[in-house]
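Engineer: Quick one: sequence plus predicted model below, questions after.
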Amino acid sequence: MSEIILSLLLGGVTGLLFSMFNLPVPAPGNLAGVMGIVGLFLGYVIGNYVKTKMP
């Protein structure tokens, strides 16, 4: 759980720095892009789960 909180905190600080220096954010700029990344992650997790359950 602490990894999740640390990741969120570090991501927020990084986003703040990108904003302060007027740099483009290295992430999708809309919800569809973010959901694509979530889908990619979920597919990876499900794939690992299926691999461990197959004999």
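Structural biologist: Structure received.
Engineer: So what's the gap between the longest helix along the chain and the chain middle?
Structural biologist: Using DSSP state H, we find that the single longest helix of the chain is helix 31-53. How far helix 31-53 lies from its chain's middle: 11 Å, per CA atoms, centre = their mean, to the nearest Å.
Engineer: any residues touching that helix, and which ones?
Structural biologist: Defining contact as CB atoms under 8 Å, 6 or more residues apart in numbering, one finds that helix 31-53 is touched by Ala27, Pro28. Just so you know, the C-beta spots here come from the backbone N, C-alpha and C atoms, and that holds for glycine as well.
Engineer: right, and the secondary structure at Leu23 would be what?
Structural biologist: With DSSP: H, G, I helix; E, B strand; the rest coil as the basis, Leu23 sits in coil.
Engineer: what's around it, how many residues?
Structural biologist: 9 (other CB atoms under 10 Å).
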